[in-house]
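S.K.: Sequence first, predicted coordinates after that:
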Amino acid sequence: MNEHEGPPGGDPGRPGRRGRPGPPVLPGDDPASIAIAADRLRAGGLVVFPTETVYGLGANALDARAVARIFAAKHRPRFDPLIVHLADASAVGMYATEDDAGDPRVARLAARFWPGPLTLVLRKRAIIPGLVTAGLATVGLRVPDHPVARALIRAAGVPLAAPSANRFGLLSPTRAAHVVAGLGARVDLVLDGGPCTVGVESTVILLAAGRAALLRPGGLALEAIEAEIGPLEILVDGAPGTAELAPGRTGAHYAPRVPLWLADPRDPGAAPAFVVAPGERVGLLAASRAGQALAEAAGGPFVATEVLDPDGDLVGAAARLFEALHALQEAGLARIIAEPVPEVGLGRAVMDRLRRAARDVAAGQ
Ligand code: TXA
Ligand code: MG
């Protein structure tokens, strides 16, 4: 656990970024905090809670007014569909249609991977407000694997709609401190559960109406899902039908506030990216120690360096990705050079986030 701020009841004066007052931060492992947070949620409030992937900005998913506050707090320019978090898989039948909830693939994936970093998109029941799903006929459901998240959902007695607890388009938070700096007093309460262990958002797959498609690579490897239910269509980035089926996956996402260049130190064509002008403050996001050495041989010096995993392990890289980007973002840099990782296992999610960060900067967003 991290250090915590104040007694239950919280310290509303904790400063956020640029001295703005921050929200109360309570220790997530204290039952008294869970009880306070659950009350806030039932009263229509916004509570940030830890999950194993990233911190979520939660509201009662059955209360459209509370859900509307999520969009305001995130400064989301439009309504993207939100993931609904459940305490356990037995609740799927309450929110998904009988056909989809009864799909044997759902039972199979739930038994194997829930709680965990997997979101299943299924046709929704009417009890889920249209605002949660951005008007879609489907809803994303997930059982998070974090004791604080599950205790909170149980205590609240309602499912929680929760996007990542960052301002729209910026980096996802993997620590309570990231949330406080990014969202400040726009939320009612933050539960601190320490650093997130998976570190990238859940893998989102569409199983509605008998389909099987990957909508977002994430913290559960595609290979693991395919081993259970067979091959998936890949509906990521520009594949036909992606815009309608995976809204919220286009446009600015995951962008650090500093320009990010994706460049492989093994690629002679990328060599100019590693050349640092006199006085230019450049940071390096290396995938491994070996990548760091190659990048330093290709150019530099780099005033700040983050290594995702010493040995280039992809699970370790995913776990450190947002944390490393947050650290580089705070280092006063003119640009960040990021080394690509292999696109297998969790490397798909890491590359998806890095490409979006690089592209959004290139697009000037
Ligand atoms: O790990 C995670 O998934 C985190 C934690 C907090 O659970 N949540 C998260 O939520 O990443 P958010 O709002 O940042 O991303 C949700 C994405 C949407 O942008 C969309 O791509 C997909 O999930 N999604 C949700 N519901 C969907 C639906 N009905 N149809 C298609 N895609 C959906
Ligand atoms: Mg997000």
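M.R.: Done, it's in. Ligands and ions are numbered 1, 2, ... in the order given.
S.K.: Count the residues that sit near Gly194.
M.R.: Residues near Gly194, counting by other CB atoms under 10 Å, number 16. Every C-beta, even on glycine, is put in place using the N, C-alpha and C of the backbone.
S.K.: helix, strand or coil for it?
M.R.: coil (DSSP: H, G, I helix; E, B strand; the rest coil).
S.K.: what do you get for the one 10 residues further on?
M.R.: In the three-state summary, Val204 is assigned as strand, counting by three-state DSSP.
S.K.: pLDDT score assigned to it?
M.R.: Val204 carries a pLDDT value of 97.
S.K.: What residues does the stretch 101-250 of the chain have near ligand 1?
M.R.: With CB under 6 Å from any ligand atom as the criterion, the stretch 101-250 of the chain meets ligand 1 at residues 117, 119, 121, 133, 136, 138-140, 142, 144, 162-164, 201-202, 204, 215-216, 245-246, 248-249.
S.K.: and those, which are buried?
M.R.: 117, 119, 121, 133, 136, 138-140, 142, 144, 162-164, 201-202, 204, 215-216, 245-246, 248-249 (16 or more other CB atoms under 10 Å).
S.K.: shaky segments in the stretch 1-150 of the chain?
M.R.: 1-20, 77 (pLDDT under 70).
S.K.: any chance you could map the strands in it?
M.R.: Ranges of strands within the stretch 1-150 of the chain are 25-27, 47-49, 56-60, 83-85, 118-123, 138-142, based on DSSP state E, counting those that start in this stretch.
S.K.: For the last one, name the packing helices and strands.
M.R.: When you say that, I think you mean strand 138-142. If contacts are counted by 3 or more CB pairs under 8 Å, 6 or more residues apart in numbering; DSSP states H and E, strand 138-142 sits against strand 83-85, helix 92-95, strand 118-123.
S.K.: Other residues contacting that strand?
M.R.: Here strand 138-142 makes contact (CB atoms under 8 Å, 6 or more residues apart in numbering) with 81-86, 92, 95-96, 114, 117-124, 128, 132-133, 202, 204, 206, 208.
S.K.: Direction included, what does it pair up with?
M.R.: strand 83-85 (parallel), strand 118-123 (antiparallel) (DSSP bridges).
S.K.: ok, now how distant is His85 from Asp267?
M.R.: 41 Å (CB to CB, to the nearest Å).
S.K.: correction: Thr174
M.R.: 29 Å.
S.K.: okay, these two: which has more neighbours?
M.R.: Under the criterion of other CB under 10 Å, the comparison of Thr174 against Asp267 puts Thr174 first, with 28 against 11.
S.K.: Isn't that one up against Glu323?
M.R.: Yes: contact status for Thr174 versus Glu323: in contact at 5.2 Å, counting by CB atoms under 8 Å.
S.K.: shared neighbours, these two?
M.R.: 195, 199.
S.K.: before we move on, back to that, now render the helices and strands packed on strand 138-142 as CSV, adding distance to Asp39.
M.R.: As requested, the helices and strands packed on strand 138-142 are exported to CSV (distance: least, CB to CB, whole Å):
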stretch, distance to Asp39
strand 83-85, 18
helix 92-95, 22
strand 118-123, 27
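S.K.: tell me the most buried of these?
M.R.: strand 83-85 (a mean of 26; mean count of other CB atoms under 10 Å).
S.K.: tell me which element the residue of the chain most remote from its centre is part of?
M.R.: In the chain, the residue that sits farthest from the middle, by CA atoms, centre = their mean, is Pro278; the gap is 36.3 Å. Assigned by DSSP states H and E, Pro278 belongs to neither a helix nor a strand.
S.K.: Is Trp261 in a helix, a strand, or coil?
M.R.: Going by three-state DSSP: Trp261 is strand.
S.K.: For it, give me its contacts.
M.R.: Trp261 touches 273, 335-338, 358, counting by CB under 8 Å, 6+ apart.
S.K.: Mind checking which of those residues are in helices?
M.R.: Ala358 (DSSP state H).
S.K.: which one of the contacts of Trp261 is nearest Ala287?
M.R.: Ala338 (8.3 Å; CB to CB).
S.K.: Quick check: bridge partners of that closest one?
M.R.: Leu262, Leu285.
S.K.: which stretches of the stretch 251-365 of the chain have low pLDDT?
M.R.: Counting by pLDDT under 70, the stretch 251-365 of the chain shows low-confidence ranges at 251-255, 360-365.
S.K.: Now do the strands in it.
M.R.: Using DSSP E, counting those that start in this stretch, strands in the stretch 251-365 of the chain cover 260-262, 282-286, 304-307, 335-338.
S.K.: in the stretch 51-200 of the chain, which spans are helices?
M.R.: 64-74, 92-95, 98-101, 104-113, 147-156, 176-183 (DSSP state H, counting those that start in this stretch).
S.K.: could I get those as a markdown table with distance to Leu346?
M.R.: Output for the helices of the stretch 51-200 of the chain, formatted as a markdown table (distance: least, CB to CB, whole Å):
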| stretch | distance to Leu346 |
| --- | --- |
| helix 64-74 | 25 |
| helix 92-95 | 25 |
| helix 98-101 | 27 |
| helix 104-113 | 14 |
| helix 147-156 | 20 |
| helix 176-183 | 20 |
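S.K.: Deepest-packed of these, please.
M.R.: Scoring the helices of the stretch 51-200 of the chain by mean count of other CB under 10 Å, the most buried comes out as helix 176-183, with a mean of 24.
S.K.: That one relative to strand 56-60, how many degrees between them?
M.R.: 70 degrees (axes from the mean of the first three to the mean of the last three CA atoms, to 10 degrees).
S.K.: between helix 176-183 and helix 64-74, how many degrees?
M.R.: Using the same axes, to 10 degrees: helix 176-183 against helix 64-74 is 90 degrees.
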